[in-house]
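Peer 1: just coords:
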């Protein structure tokens, strides 16, 4: 049998590569990954791709239905709203607001939350116990209620919503990380590392972290969808993004008055949001599955 | 666990069975009651204490009667609690003869022992007129009477007999008789007042009302509903409804949906964008009211930079009103050039218009020393008003317009009562507001909205007090001929147009929509909604 | 056992303490004067203000203020509502039962749908049924609740007038409120046409209950499924199978019970979701419960009401968590063991 390889070494894929190829072979996860990537792309480049400004009011083109309907207009792909604003452009910008902000807020919350969680997880005694109770308290309050109350203190507005969502997400990360670390700490391989004389910090970064990354990633995907839902819900209730902002929840709230005349104004943001949430969920699930298989 | 599951299943099946298993019986409760889906929660149930039309709609024509009424068709003043009246030739002394068969509401909290007599009239008028009246301080102010200066106009009210009173005026007034028929001139029960004084629960007089009107108050849960029951001993034609419920539904789309799903019999103020659907819909019809109102954008003239006339003018020039008519009113409004509608006899048709001109607006701003624009807030009520079907959307249009001249706008929407409370503290930059006229007299548009007395009691949304303007109004009031009066009022409008404490936007038609089986709901200009004659069949 | 209860009780008390502390601090965080925020009194003259400030201990240390606040709360004094100037506790007593009623039916529906479906999916893991149930659950989980509510209204109330879309009852029916739970009140009420009223009340319940149940159901399906999968892998199931138990017996005797026990603590998450969804559902369907009340309070900048809601809702959630924990321990001997081992 002829062997084309010059060197005898065979390159074995690393664990992450295996996980990646396995992830790719799962069609549903792959599709959802592509969708999420598209959403991220749109979120970043919305101002470039969008044909119009989301606030531009085209006075002559009010309440155009989407272009595939007979009364539609090709220049406004998904129609226009009652102030003549292009729905397509607004949805693209809405991706930036609702989805983009959620990604970033969740990311920052993850960094802060995991750091705190690690500290809590590695510590013991009275301090840890107090910390536990504090966490239980915060987690006992439904996140939307907490966000609503924070907005009530700070006043309505998108910026305050972001702060509210941010502070709501952190405890969840702390909680997850802390529990994950606690579980890992009791395992033998950690004890082994400890017997080798590794410091706490070393154990945390080199030994434990790779093993809890799956939990953190899953929590991240949950956090992104939670952030989206909270931002949109606050926008819908008129407490978050201002009226007229292209934020999806606010768009939905603005269009309810027109639901009989221009149902696309209510359905399109809803569908977009549904697709976005679905792909985030599915992708998170896919990642968890592959990582789980890896660890098994 | 299984057992619990089975139990759950059983309950669900039972639920389905009950839901589908029995036919809807048409019963009297549903047939003889009417549900009116209104747009907001009233502050209380006494029109004397407010100019908020939500409060007046809830109480004015349901709970109370007035001495006189306005015939909606002929616009004549007709008898009501007073069966007739006389006046002296100078028009300073009026005698009113009261009906003797008028009974007050018999409710859970009050049982009347006597019919209406002169004491009740004096009690009701003196409440807002005389500072020493035991109930005067129960309310913060009596904005309508105070801005119309009725408290100053009336010199005295004298009880001639049980059923005759005499009202003496300081000077003759063109509009006095008409004033008595407005929503604000309600008659309360003196006996009920005495009962409350005794119990030291005076504040209840406005929240647990007693009147002589066709419906009596039963129950009010804020943000949810108001329940009225028919007044069985009503002195006039007995109302056909046995029960009247105001279902408080702030969002107009919800109101429309509830009308379409037959949960409401009548809804208030469907937005202009919904009118087309309603007109096409079978089983639903629409009733409209002539545009005796003005919607405006008021600037807080106490706050810089809005204290500068030139800035206010620049803001006005920056607004594309045509777009507002198209996108907010859908053609159901007339452009407003003045605070007065063109139908008024004192309307000034020679005012210089603020045509949309962003370039000139920018120049004016520079002239005012503002080169790089500024930030401002626009406050807007989150519910529909007769004069403005969607203030928040309007604010969005204005926001886009102002962005072009470098001004960035933050829109702040408020619940109605909270908005009114906040506005009276003059913390706003500007607000989208409006005024519903209570009578055809032009004074009714000018004085309650912009006079100094309105500014003092906090209902002047521009916080604007211009002696020149007030003087013109006083001169108009005192002039003996219509010509002279008109001349003064035209001048007053000119002052408004150059000073521009507020920018008039539109005079709007307003609507209610109802099921086809509802008849005779009175929805007319110069009056709150009335269900006195309403029928359901 | 006893030690365990003490520990839980300790957790409960500490958490309640922290919640009350948080709620207390809100009075200072909210814009405006703390005296007014705490009492809700709006039209005060100078003397009244001073007197009130004295009773609330505003010139004393925060610690003493907190003690006074706590004492007021335990007396049931939550202050006055800004917008109505009536005691908040009355409002709460009025709106709370409506929310509890709605949540209760939604929870029933969740259990009735979620447990069997999760069980089914778990038993048939990786089969078609599992995939269908799982896909549906994921999709349902991704629908924002405010959107699904709107769609339900559009389909069931507007296009086909099957169910009403707002409120608990046709307002023309006048049911005196005795317990606050509508179905109970109708039962107690003395009125004609009771059957028609019942029917009306039930039709009003359908859409909100459905909307509210979606999210918790998908969650429960997920929990139940993974729990069942775990149980199915365990040796005792194999043992039972080899003993020749029929599938039905196997499921009812072994799988269902053993799968449900470990997820009991997770039910608190279920309640959390339920609570959040209740707020939005109540807004969409104009359901006169605490969520609707809270949102109105926020629109009206009614700070005492917001403060009271936070305190109550968080306390209720914590109590549910603790009760579930104790329940879990009662039915699961394993949990007791691990605790003692600690």
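Peer 2: Looks like it came in fine. What you see is a predicted model, and the numbers here were worked out from it, not measured in a lab.

Peer 1: how distant is stretch C:184-198 from the center of its chain?
Peer 2: 27 Å (C-alpha atoms, centre = their mean, to the nearest Å).

Peer 1: Next: stretch C:84-95.
Peer 2: 19 Å.

Peer 1: Would you mind checking the average pLDDT for that stretch?
Peer 2: For stretch C:84-95, the mean per-residue pLDDT is 86.

Peer 1: Could you confirm whether that stretch reaches chain B?
Peer 2: Yes - looking at stretch C:84-95 against chain B by C-beta under 8 Å from any C-beta of the partner chain, the contacts come from C:84, C:94. Just so you know, the C-beta spots here come from the backbone N, C-alpha and C atoms, and that holds for glycine as well.

Peer 1: Which residues does that stretch contact?
Peer 2: B:221-222, C:40-42, C:76-81, C:177, C:180, C:288-290, C:292-293, C:304-305, C:308, C:312 (C-beta atoms under 8 Å, 6 or more residues apart in numbering or on different chains).

Peer 1: for stretch C:149-164, same thing?
Peer 2: A:252, A:256, A:259, A:263, A:266, A:270, B:257, B:260-263, C:165, C:170, C:203-204, C:206-207, C:210-211, C:280-281, C:284-285.

Peer 1: Those residues, buried ones only, as a PyMOL selection?
Peer 2: Here is the PyMOL command that selects the buried residues among the contacts of stretch C:149-164 (16 or more other C-beta atoms under 10 Å in any protein chain shown):
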select buried, (chain A and resi 252+256+259+266+270) or (chain B and resi 257+260+261+263) or (chain C and resi 165+170+203+204+206+207+210+211+280+281+284+285)
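
Peer 1: quick one, what contacts residue 200?
Peer 2: All of this refers to chain A. Residue A:200 neighbours (C-beta under 8 Å, 6+ apart): residue A:122.

Peer 1: wrong one, I was asking about chain C
Peer 2: Residue C:200 touches C:169-170, C:173, counting by C-beta under 8 Å, 6+ apart.

Peer 1: related to what we said a few turns ago, would you mind checking the contacts of stretch C:84-95 for buried ones?
Peer 2: B:221-222, C:40-41, C:78-81, C:288-290, C:292-293, C:304-305, C:308, C:312.

Peer 1: Just the residues you listed: which are in helices?
Peer 2: The members of those that map onto helices under DSSP state H are C:290, C:292-293, C:304-305, C:308, C:312.

Peer 1: Pull the most distant pair out of those.
Peer 2: C:292 and C:304 (17.3 Å; C-beta to C-beta).

Peer 1: Skipping adjacent residues, who's closest to the closest residue to chain A within chain B in space?
Peer 2: Closest approach between chain B and chain A, counting by C-beta to the nearest C-beta: residue B:396, at 4.0 Å. Excluding its sequence neighbours, the residue lying closest to residue B:396 (C-beta to C-beta, 6 or more residues apart in numbering or on different chains) is residue A:244, at 4.0 Å.

Peer 1: where's the one you found relative to residue B:399, distance?
Peer 2: When distance is defined by C-beta to C-beta, to the nearest Å, residue A:244 is 7 Å away from residue B:399.

Peer 1: Name the residues contacting each of these two.
Peer 2: Residues touching both residue A:244 and residue B:399 by C-beta under 8 Å, 6+ apart: residue B:411.

Peer 1: Residue in the stretch 101-250 of chain C with the shortest distance to chain B?
Peer 2: For the stretch 101-250 of chain C, C-beta to the nearest C-beta, closest residue to chain B: residue C:172, 3.9 Å.

Peer 1: Which element, helix or strand, includes residue B:413?
Peer 2: strand B:408-414 (DSSP states H and E).

Peer 1: Contact residues of the stretch 101-250 of chain C facing chain B?
Peer 2: Going by C-beta under 8 Å from any C-beta, the residues of the stretch 101-250 of chain C near chain B are C:108-109, C:111-112, C:115-116, C:153, C:157-158, C:161, C:164-167, C:170-174, C:192-193, C:195-196, C:198-199, C:202-203, C:206.

Peer 1: where in chain C is pLDDT low?
Peer 2: The model of chain C has pLDDT under 70 over residues C:1, C:335-342.

Peer 1: three-state assignment of the residue nearest in space to the middle of it?
Peer 2: Residue closest to the mean C-alpha point of chain C, counted by C-alpha atoms, centre = their mean, is residue C:275 at 3.8 Å. At residue C:275 the chain is in helix, as set by DSSP: H, G, I helix; E, B strand; the rest coil.

Peer 1: Not counting its neighbours along the chain, what's nearest it?
Peer 2: Per C-beta to C-beta, 6+ apart, closest to residue C:275 is residue A:142, 4.5 Å.
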